[in-house]
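Can you look at this prediction? I've put the sequence above it.
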Amino acid sequence: MSINKKCLLSVIFIIFLFASAVKLKGDLQKEFVVGAYSNGALLDYNQNGEVSGVYKDILDFISAHASWKLKYVRGNWKDLLNMLGNGEIDILPCIAYSKQRADKYDFSQETVFANWGEVITHQDYDINELSDLNNKNVCVLKKDIYYTGPRGIKNLANQLNIDCNFIEVNTNAKILNLVAAKVAHAGVLTRIYYQTHKNIPNSPLMKTNIIFSPTDLRFAFTQNAPHNDYLIHTIDRHMHRLKNDPSSIYYQSLIQNLGTKTPSKIFYVPVNSNEIVILIIAMILLIFIIIVFSQIKQIPYWQFIIISVSLFVFGSLFSILEGFFLPNIVNIVEHFCYANSSIFLFLWCYKYFSQGKKE
């Protein structure tokens, strides 16, 4: 065998090995469980259980670049906090940071959004100041920072000797319903949640002048979980870049979900970086094969090499297409191509070295 053929085979095998390593890294996705609750434009889900909102768009972007597989778990606020504390979920988006909470959970450093609490009431009631809540029924969310936090409505009322009867519920929607039905005189909501519900037709609800407790909304994680350093570093790194890019998915999502400007379709490419690298490698390998095709034909059983490379190229193409349509079917075809590519390469090795031993 000439030195040229040895070099040729070495190049092909090096490219294959490198591509396989990148592919393996991409396939070994890190799977994390994310809590999802209804909080208006920032985080919500529809009747089919599909999660939406600004935080969902951010996590979609990060997971595509970091090769994450995310599983969303629906729940109310109180239950999700308990699940986070028990390690049943890995990430809880859209949570207000406080020093007290930082003693129970780990937090990302980058602020995603600034929020505060607001008091809403029925249009038939005259409530505009904290003192107007004296001897009134006030509907609040259990374990909400705007209820029990240091600057929450409960502490503010105690400091001003305002006697409120707090009605604790598990969802923001329940607050809207109880205030609308006049079961409660007032309710405490975040400014984002109320903003996305204030234009409900014929709604009797209105916002008061009572606003309080500005907070930073971040991501929270089970305290001291082994993967937290990696999660926090990855999320903060991407959030920092997204916030410094006016055209990023972060700002597109804010416009789309909060309606601060004319909504525009969010452009999002559901392809992770590993898949792009694999496609580039496959194209380089294909071009290389075409250039040296006449020399490859001099290698024993060269047809097996060509079939193996062709299947690898098709696999990389299907890997990209998987993110755009028929993901389950295309994923099967993708892995079929990769598996058979490896089989044909193995067969070539077996036949070639078996021939060598006979000689």
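Yep, it's here.

which non-adjacent residue is nearest Ile278?
Ser316 (4.8 Å; C-beta to C-beta, 6 or more residues apart in numbering). Every residue, glycine included, has its C-beta placed from N, CA and C.

so that neighbour touches Leu285, yeah?
No - counting by C-beta atoms under 8 Å, Ser316 does not reach Leu285; the two are 9.4 Å apart.

So for those two, which residue has more residues nearby?
The neighbour count for Ser316 versus Leu285, taken as other C-beta atoms under 10 Å, is higher for Ser316 (27 against 20).

hmm, back to that, relative to Leu279, how far out is the residue nearest to Ile278?
Taking C-beta to C-beta, to the nearest Å as the measure, Ser316 falls 5 Å from Leu279.

Also Ile343?
21 Å.

For this structure, which segments count as helices?
For the chain, helices defined by DSSP state H occupy the ranges 3-27, 54-66, 77-86, 99-102, 145-148, 153-159, 172-180, 191-195, 228-243, 249-258, 273-291, 293-296, 302-321, 327-358.

The ones you listed: which one's closest to Thr121?
Nearest of the helices of the chain to Thr121, taken as C-beta to C-beta: helix 172-180 at 6.6 Å.

Run the angle between that closest one and helix 77-86 for me.
Angle of helix 172-180 versus helix 77-86, following axes from the mean of the first three to the mean of the last three C-alpha atoms, to 10 degrees, is 150 degrees.

Sort out which residues of helix 172-180 are buried, please.
172, 174-176, 178-180 (16 or more other C-beta atoms under 10 Å).

Off-centre distance for it?
Helix 172-180 sits 29 Å away from the centroid of its parent chain (C-alpha atoms, centre = their mean, to the nearest Å).

Need the residues that contact it.
38-40, 120-122, 139-141, 167, 169, 184-190, 193, 197, 203-205 (C-beta atoms under 8 Å, 6 or more residues apart in numbering).

Try it again at 7 Å.
38-39, 120-122, 139, 141, 167, 169, 184, 186-187, 189, 193, 197, 203-205 (C-beta atoms under 7 Å, 6 or more residues apart in numbering).

I'd say Leu286 and Leu311 touch.
No - taking contacts as C-beta atoms under 7 Å, Leu286 lies outside contact range of Leu311: 11.5 Å.

If you count surrounding residues, which of the two has more?
Leu311 (20 against 15).

tell me the contacts of the nearest residue in space to the more buried one that is not next to it in sequence?
Closest residue to Leu311 apart from its sequence neighbours, by C-beta to C-beta, 6+ apart: Ser341 at 3.8 Å. Contact partners of Ser341, counting by C-beta under 7 Å, 6+ apart, are 308, 311-312, 315.

just Met239 next, same as before
Neighbour list for Met239: 110, 112 [criterion: C-beta under 7 Å, 6+ apart].

Could I get the pLDDT score of it?
Listed pLDDT for Met239 reads 91.

separation between it and Asp44?
For Met239, the distance to Asp44 - C-beta to C-beta - is 20 Å.

Also Asn155?
In terms of C-beta to C-beta, Asn155 sits 28 Å off from Asp44.

between the two, who's got more neighbours?
The residue with more neighbours, out of Asn155 and Asp44, is Asp44; 22 against 15, by other C-beta under 10 Å.

close enough to count as contact, the more buried one and Val54?
No - counting by C-beta under 7 Å, Asp44 does not reach Val54; the two are 9.8 Å apart.

Quick one, which of the helices of the chain gets closest to Pro214.
Going by C-beta to C-beta, the one of these nearest Pro214 is helix 191-195, 9.5 Å.

contacts for stretch 101-117?
42, 55, 58, 84-85, 96-97, 146, 153, 188, 190-192, 211-223, 228, 232, 235-236, 239-240.

so what's the most centrally placed residue in the chain closest to, chain neighbours aside?
The structure's the chain has its C-alpha centroid closest to Leu59; by C-alpha atoms, centre = their mean the separation is 1.9 Å. Closest residue to Leu59 apart from its sequence neighbours, by C-beta to C-beta, 6+ apart: Leu70 at 6.1 Å.

For the one you found, give me its contacts.
So Leu70 contacts 32, 34, 59, 63 (C-beta under 7 Å, 6+ apart).

State the distance from Leu80 to Ser310.
Taken as C-beta to C-beta, the span from Leu80 to Ser310 is 48 Å.

and Leu347, how many neighbours?
Neighbours around Leu347, by other C-beta under 10 Å: 14.

Make residue 1 into 51 and carry on from there
Right, with 51 as the first residue, what we last looked at is Leu397.

show me the contacts for it.
Counted by C-beta under 7 Å, 6+ apart, Leu397 has contacts Phe354.

hey, which helix or strand in the chain has the poorest pLDDT?
helix 53-77 (a mean of 55; mean pLDDT, DSSP states H and E).

Just to check, the residue nearest to Ile328 is in contact with Ala332?
Yes - with contact defined as C-beta under 7 Å, Ser366 and Ala332 form a contacting pair (3.9 Å).

Retrieve the pLDDT associated with the residue nearest to Ile328.
Note on Ser366: pLDDT of 79.

Contacts only, for it.
328-329, 332.

Could you do Ala236 as well?
Here Ala236 is in contact with 169-171, 177, 183, 186, 188, 229 (C-beta under 7 Å, 6+ apart).

Kindly report the same for Lys257.
Contacts of Lys257 (C-beta under 7 Å, 6+ apart): 168, 170, 244.

Just send these back as CSV, with neighbour count too.
CSV is the format used below for the contacts of Lys257 (neighbours: other C-beta atoms under 10 Å):
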residue, neighbour count
Glu168, 22
Ile170, 24
Tyr244, 22
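
Turn those residues into a markdown table, columns for distance to Ser303 and pLDDT.
Listed next are those as a markdown table, based on distance: C-beta to C-beta, whole Å; pLDDT from 0 to 100:
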| residue | distance to Ser303 | pLDDT |
| --- | --- | --- |
| Glu168 | 22 | 94 |
| Ile170 | 25 | 95 |
| Tyr244 | 19 | 84 |
